[in-house]
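Peer 1: model this:
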Amino acid sequence: MKQLIQYIRSGESRVADVPAPSLRSGQVLMQVAASLISAGTERMVVEFAQKSLIEKARLRPDLVRQTLDKVKREGILTTLEAVQNRLDQPMALGYACAGRVIDVASDVSEFQVGDPVACAGGGYAVHAEVVGVPKNLVVKLPEGVDFESAAFTTLGAIALQGIRLSEVKLGEITVVIGLGLLGQLTVQMLKAAGCIVFGMDLQRERAELAYRLGVDAATTSPDELKSLVLSRSSGHGADVVLITADTRSNQPVELAGEVARNKGTVVAVGAIGMTIPRKVYYEKELDFRISRSYGPGRYDPEYEEKGHDYPYGYVRWTQQRNMQAFAQLLAAGKVRVQPLITHRFSIDDATRAYELITGKSSEPFLGVVLTYPETPDLGQTIVVRAAERAAQPPIDQASAPARLDRVRLGIIGAGNFANATLLPAIKTLSGLELVGIASSGGLSARSAADRFGFTYCTTDDQAILEDNRINTVAILTRHHDHARQVVAALNAGKHVFVEKPLCLTEEELSEIVQVYSVLPGGDDVTARAAPSVPSSPYLMVGFNRRFAPFVQELKQHVQRLREPLMLCYRVNAGYISPEHWTQDPQQSGGRLLGEACHFIDLLIYLSGSEPARVTTQALPDSGHYSKDNLLVTMEFTDGSLGTVTYVANGDKAFGKECLEVFGGGLSARLEDYRTLIIYHGGHRVKRVARLRQDKGHQAELQALVAYLTGGGPQPISFDDIVRSTRATLAAQRSLLSGEPVTLIDEHS
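Peer 2: Coordinates of the predicted model:
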């Protein structure tokens, strides 16, 4: 299908062929008939992308500071690669569209196939032939509302929320500063509410259009606006001023203060400069408010992504209910949007629309609508380049080959971690062919396929599992999908690499163990921990830190010791909002299961012993944290002790990870995988990586490819994977219960 995207590095806007999105839980799939370009928000994105790197840095000093801090912690090359990755990932443009429902998730009952709807939301209601949108960002259209008009629903909800926030009343005097799309919609709704409305815009054509749409008076002059308002209000001023302009200037805020009455209300709806002049706002005791987009629910993932509505009796006007109200105003003829449309472009010609709104064509405009074909391309797979080799049979479950001549890789998941870390590492490996990559959204899959050289991209996970060319699958999705996808890939006869964690529950782990044990050669899982080549589908988890060069060097030292170790791992992980998906127990399992599993695995690896008991304690959260200030204590069967101190309440500039190991006369410290110091027997070893961190991502993948092609030992045994996963699940259980969890009874 066609989708309009923006490249941040080059500033180029492009209509790309991407796979149609797959339907996710809680969503509806919609065929787009029309979408509206936001001349404010989208122009700002495009103009920013078109600036040089120096200009981008000048506009975003906050990002520059973050980058410099990252250089100090992780090295210049690591930081440069991260920056390059962000610049190389295209953005989906658009957040307002309308069309017809073509599919509905099984857990959505509010919509049916065939319903005409309007949709909202950045990243969802994008400029594309087909979109998948969470149900709370979708509204049914009343009879008589055409799709072009319905495409204004998102913008109408933004304007309506500004009006609601102002608490304007029937008969009050209102002023609208800025008569672009937001302003024109605001004027019409204020008139429908029985208000006296004055408008101002620097463009005469927009002021004249506002007259035709019902404003009481409109002007291009700030002085004339003051006179009009004072004359009509008997010298008092406006009850409410709504600023719907789009400018970095503070002039709209200053003007609003001058035309407002004593104890009046000013609402900022547009993106404006907000250096508020204290004198006038203080002397009039003005109430300044900022409207947050469509209404209550905006930026709340529980509402927008998970579909949890707010109680009607307590939150009368959510963003979805604002959208519904605006659609009703369209149906009743109270708001007219057709006079606002100045340009229409087909999706194939959409880049011309951005030349228009960024001023390259020097042509006046207001409402710019994109139109779409009646029959969309619903294909979920796009071939990017010719296949390197002919199709190969899958691993024969009855008699698997001793080794692969080449790893032919399919990837499920193309998020930021995949693009920033795993795929760049994979790209450097020999003996590997990149066949297919899947992502539910489509754009990320297409971008990764282009950047890293995959044969095709898809939004259908099953296409990867059923492809006979693919003998190895890498699973890089969100954590709650890992267990299901691992089982499916193993049953499909594929070797599997899965990013940590392997799973989120004991039940999922038991299922994986059961599936793995019945694969060829799996009657005795432990017995097949040693072969140099796999005799059946092999499973590996991305516990990369045990493969880091400095860890490997440290392991050589500690494995020669003959007494228990004291291992201390400190992780200054930094604060993450409770709303982030990594804090969601259903999606990620929380930060202990999602990230601390790395450090638990590393302590087990270095100790060379079985974890016997695990205890987890956490600081009180006080509503700010999410049980992510943790202390995990591990007792091993050989007497070793290990602790993982994982904190979210520190300063990130301090550095993230520090490992200390003591035992047998050895003292060692590993700092952020850039400095290793070992003292042993009166000798000192110091290793420094000045330009980059190396946490072992490339080495773990090299080890996997070498093993599968018969050139190296097994990277991690299945027993090791299960052992680390069980210990992590035990740590989580201890966190929730407040009690130690025994893994091995030493007296049994």
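Peer 1: so what's the gap between the biggest helix by length in the chain and the chain middle?
Peer 2: When the chain is parsed with DSSP state H, its longest helix is helix 718-737. Distance, stretch centre to chain centre, for helix 718-737: 27 Å (CA atoms, centre = their mean, to the nearest Å).
Peer 1: and it, C-alpha only, in CSV?
Peer 2: C-alpha atoms of helix 718-737 as CSV (Å, rounded to 0.1, in the frame of the first residue of the first chain):
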residue,chain,number,x,y,z
PHE,A,718,19.3,-25.0,27.0
ASP,A,719,19.9,-25.9,30.7
ASP,A,720,21.6,-22.5,31.2
ILE,A,721,18.7,-20.7,29.6
VAL,A,722,16.2,-22.4,31.8
ARG,A,723,18.3,-21.9,34.9
SER,A,724,18.6,-18.1,34.4
THR,A,725,14.9,-17.8,33.4
ARG,A,726,13.8,-19.7,36.5
ALA,A,727,16.0,-17.6,38.8
THR,A,728,14.5,-14.4,37.3
LEU,A,729,11.0,-15.7,37.7
ALA,A,730,11.8,-16.6,41.3
ALA,A,731,13.1,-13.1,41.9
GLN,A,732,9.9,-11.7,40.6
ARG,A,733,7.9,-14.1,42.8
SER,A,734,9.9,-13.0,45.8
LEU,A,735,9.3,-9.3,45.0
LEU,A,736,5.6,-9.9,44.9
SER,A,737,5.4,-12.2,48.0
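Peer 1: helices or strands up against the next helix or strand after it?
Peer 2: Beyond helix 718-737 in the direction of the C-terminus, DSSP states H and E gives the next helix or strand as strand 741-742. Strand 741-742 sits against strand 611-618, helix 718-737, with contacts defined as 3 or more CB pairs under 8 Å, 6 or more residues apart in numbering; DSSP states H and E. All C-beta spots, glycine's among them, are computed from the backbone N, C-alpha and C.
Peer 1: can you redo the ones you listed as TSV with mean pLDDT?
Peer 2: Below are those laid out as TSV (pLDDT from 0 to 100):
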stretch	mean pLDDT
strand 611-618	97
helix 718-737	97
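Peer 1: rewinding a little: which residues are contacting the longest helix of the chain?
Peer 2: Contact partners of helix 718-737, identified using CB atoms under 8 Å, 6 or more residues apart in numbering, comprise 501-503, 505-506, 509, 513, 516, 525-526, 528-529, 539-541, 543, 589-590, 592-593, 596-597, 600-601, 604-605, 610-611, 614-618, 627, 630, 632, 634, 740-741, 743.
Peer 1: report the buried residues of that helix.
Peer 2: Across helix 718-737, burial judged by 16 or more other CB atoms under 10 Å covers 718, 720-732, 734-735.
Peer 1: quick check: Thr265 vs Tyr303, distance?
Peer 2: 26 Å (CB to CB, to the nearest Å).
Peer 1: would you turn the helices and strands packed on strand 741-742 into JSON lines with distance to Tyr7?
Peer 2: Formatted as JSON lines, those follow (distance: least, CB to CB, whole Å):
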{"stretch": "strand 611-618", "distance to Tyr7": "43"}
{"stretch": "helix 718-737", "distance to Tyr7": "39"}
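Peer 1: looking at the ones you listed, which is nearest to Ser149?
Peer 2: helix 718-737 (51.2 Å; CB to CB).
Peer 1: what pairs with the longest strand along the chain, parallel or antiparallel?
Peer 2: The residue-count maximum for a strand in the chain (DSSP state E) belongs to strand 27-37. Applying DSSP bridges, strand 27-37 is found paired with strand 96-104 (antiparallel), strand 130-134 (antiparallel), strand 367-371 (antiparallel).
Peer 1: winner for burial among the ones you listed?
Peer 2: Mean neighbour count (mean count of other CB atoms under 10 Å) peaks for strand 130-134 among the strands paired with strand 27-37, with a mean of 25.
Peer 1: list of residues touching it?
Peer 2: Residues contacting strand 130-134 (CB under 8 Å, 6+ apart): 1, 20-24, 26-32, 97, 102, 119-121, 124-125, 304-307, 376, 378, 440-441.
Peer 1: any idea how far that strand is from the middle of the chain?
Peer 2: Worked out by CA atoms, centre = their mean, strand 130-134 lies 16 Å from the chain centre.
Peer 1: ok, Ala573 - contacts?
Peer 2: Ala573 touches Arg591, Glu595, Asp628, Tyr646, Val647, Ala648, Lys656, counting by CB under 8 Å, 6+ apart.
Peer 1: of those, closest to Arg206?
Peer 2: Among the contacts of Ala573, Ala648 lies closest to Arg206 (CB to CB), at 48.6 Å.
Peer 1: the closest one reaches Val571, doesn't it?
Peer 2: No - taking CB atoms under 8 Å as the definition, Ala648 is not a contact partner of Val571, at 9.5 Å.
Peer 1: so where's the stretch 51-200 of the chain shaky on pLDDT?
Peer 2: 51-53, 56-57, 59 (pLDDT under 70).
Peer 1: oh, I was asking about the stretch 451-600 of the chain
Peer 2: 520-535.
Peer 1: show me where it has its helices.
Peer 2: Taking DSSP state H, counting those that start in this stretch as the criterion, the stretch 451-600 of the chain carries its helices at 461-466, 482-491, 506-517, 549-558, 590-591, 597-607.
Peer 1: checking the residue of the chain most remote from its centre next. Helix, strand or coil?
Peer 2: Here the centre of the chain is the reference, and by CA atoms, centre = their mean the most remote residue is Ser234, at 52.5 Å. At Ser234 the chain is in coil, as set by DSSP: H, G, I helix; E, B strand; the rest coil.
Peer 1: roughly how far apart are it and Asp223?
Peer 2: For Ser234, the distance to Asp223 - CB to CB - is 19 Å.
Peer 1: cool, and Ala448?
Peer 2: Applying CB to CB to Ala448 and Asp223 gives a distance of 56 Å.
Peer 1: the more surrounded of the two?
Peer 2: Higher neighbour count among Ala448 and Asp223: Ala448, with 26 against 10, using other CB atoms under 10 Å.
Peer 1: how many neighbouring residues does the closest residue to Arg545 other than its chain neighbours have?
Peer 2: Leaving aside its sequence neighbours, Arg545 sits nearest to Leu602 (CB to CB, 6 or more residues apart in numbering; 4.9 Å). Around Leu602 there are 26 other residues, counting by other CB under 10 Å.
Peer 1: measure Leu602 to Asn544 for me?
Peer 2: Applying CB to CB, the value for Leu602 to Asn544 is 10 Å.
Peer 1: if we can go back for a sec, closest one to Asn471 among the strands paired with strand 27-37?
Peer 2: Of the strands paired with strand 27-37, nearest to Asn471 by CB to CB is strand 130-134, at 30.6 Å.
Peer 1: quick one: terminal-to-terminal distance for stretch 384-403?
Peer 2: End-to-end distance for stretch 384-403, by CA to CA, to the nearest Å: 29 Å.
Peer 1: number of nearby residues for Arg690?
Peer 2: So Arg690, with other CB under 10 Å, has 9 neighbours.
Peer 1: revised request: answer the last question for Leu565.
Peer 2: Counted with other CB under 10 Å, residues neighbouring Leu565 total 22.
Peer 1: over to Gly681?
Peer 2: Neighbours around Gly681, by other CB under 10 Å: 7.
Peer 1: what residues are up against it?
Peer 2: Counting by CB under 8 Å, 6+ apart, the residues that Gly681 touches are Gly665.
Peer 1: state the distance from it to Phe662.
Peer 2: Gly681 is 14 Å from Phe662, by CB to CB.
Peer 1: distance of the residue nearest to Tyr605 when sequence neighbours are not counted relative to Leu202?
Peer 2: Computed as CB to CB, 6+ apart, the closest residue to Tyr605 that is not its neighbour in sequence is Arg546, at 4.5 Å. According to CB to CB, Arg546 and Leu202 sit 63 Å apart.
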